[in-house]
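>>> prediction below, plus the sequence it came from.
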Amino acid sequence: ELPYNWNTANPVLKPEIAHLEYGAIPRGYAWIFPKANHLNIGAGVFKPTGGDARRDRALPEKLRQVILNYLRALHLPPPPDSLPFHAHPLPIWSGKEPLQTADGRILLAGDAAGLINPFFGDGILHALKSGSMAASCIVEGATQHYSDRIHAEFASSFDAARQLATLFYRVPKIGYDYGVKHPKASRIATELLTGELAYNNIVGRTIRHMVGAMLLPGKVRH
C-alpha cells in the first residue's frame, strides 16, 4: 500500500485506471489498483499445472523484486524500508467438492469454498453470491442441496477458466498478443469479472486462436 499524491505528475497513472501487467512474473501478473490516497501494488503467481506455491521458499523474494521493478518502470519512488509487504495464498478453484457437512449444519462460502477464479484470481463477487445462496438454503431448509446449487452456478465457468489459465500463463506473449490486445478485450474482461459472461462461452475459440498462433512460423512461444 504505497502512499501516493494524485497531484504528482505521472503520464501513466490515473485515479480511474487499474493496471494489470501480464508476464511480469512467470505464471502470473503484477497490478496497480488506484485508491484515494495510495496505490495498491502487488504481484501474484498461479500454479495452473499443479504444485503448492507455499513450498517455494524463493517465491516471496521473487514477488518482492517484481513489485520493486514495476515501481521503477513507472518512475515511482521505492517504498520505505518500514513499509510492510503482505502476502497470502488464495484457495483457487480446483474442481467440484463437497461444500457442506453431512448434517448440513456447516456451509462453506467464498474463499472457504475455493471460489477464487482460476484466471483472474478474483473472489469478492463469488463470495457475495455464495453467501446469498447459503442463506437461501438455510431459509428453505435445503442445506443438503447447497453444494449442488453452488456447482450449478460456478463449476462449468470456473473449470473453463482453469483450462484457459493453464494455457494463457504458460505462453503470456501469445496470450497478450491474441487476447489482451484484442479490441474487445477490455469489454470481455469486464463482463467476465461482473459475471455477465461465463468462461465456458469463450474458452473454446480463445484457446483455438492461441494454439493457432503458437503454430505459426516464427512466433514466440514463451
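It's in.
>>> which helix runs longest in this protein?
helix 146-168 (DSSP state H).
>>> quick one: buried residues of that helix?
Across helix 146-168, burial judged by 16 or more other Cβ atoms under 10 Å covers 146-147, 149-150, 153-154, 157-168. From N, CA and C alone the C-beta is placed, and that goes for glycine too.
>>> equivalent analysis for stretch 126-136, please.
Result for stretch 126-136 [16+ other Cβ under 10 Å]: buried residues His126, Ala127, Lys129, Ser130, Met133, Ala134.
>>> which of these fall in helices?
With DSSP H as the criterion, helices contain His126, Ala127, Lys129, Ser130, Met133, Ala134 from among those.
>>> pretty sure the second one contacts Leu115?
In this case it means Ala127. Yes: with contact defined as Cβ atoms under 8 Å, Ala127 counts as touching Leu115 (6.6 Å).
>>> between the two, what contacts are shared?
Common neighbours of Ala127 and Leu115, using Cβ atoms under 8 Å, 6 or more residues apart in numbering, are Ala109.
>>> would you put the C-alpha positions of stretch 130-150 in PDB?
Output of stretch 130-150 as PDB, limited to C-alpha atoms (Å, rounded to 0.1, in the frame of the first residue of the first chain):
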ATOM      1  CA  SER A 130     -22.400 -18.000  -2.500                       C
ATOM      2  CA  GLY A 131     -23.200 -16.200   0.800                       C
ATOM      3  CA  SER A 132     -26.600 -15.300  -0.600                       C
ATOM      4  CA  MET A 133     -27.100 -18.900  -1.800                       C
ATOM      5  CA  ALA A 134     -26.200 -20.300   1.600                       C
ATOM      6  CA  ALA A 135     -28.700 -18.000   3.300                       C
ATOM      7  CA  SER A 136     -31.400 -19.100   0.800                       C
ATOM      8  CA  CYS A 137     -30.700 -22.800   1.500                       C
ATOM      9  CA  ILE A 138     -31.000 -22.200   5.200                       C
ATOM     10  CA  VAL A 139     -34.200 -20.300   4.900                       C
ATOM     11  CA  GLU A 140     -35.700 -23.000   2.700                       C
ATOM     12  CA  GLY A 141     -34.400 -25.900   4.800                       C
ATOM     13  CA  ALA A 142     -32.400 -27.100   1.800                       C
ATOM     14  CA  THR A 143     -28.900 -27.100   3.100                       C
ATOM     15  CA  GLN A 144     -28.300 -30.700   1.800                       C
ATOM     16  CA  HIS A 145     -28.600 -29.200  -1.700                       C
ATOM     17  CA  TYR A 146     -26.100 -26.400  -1.100                       C
ATOM     18  CA  SER A 147     -23.100 -28.000  -2.900                       C
ATOM     19  CA  ASP A 148     -25.300 -28.900  -5.900                       C
ATOM     20  CA  ARG A 149     -26.500 -25.300  -6.200                       C
ATOM     21  CA  ILE A 150     -23.000 -23.800  -5.900                       C
END
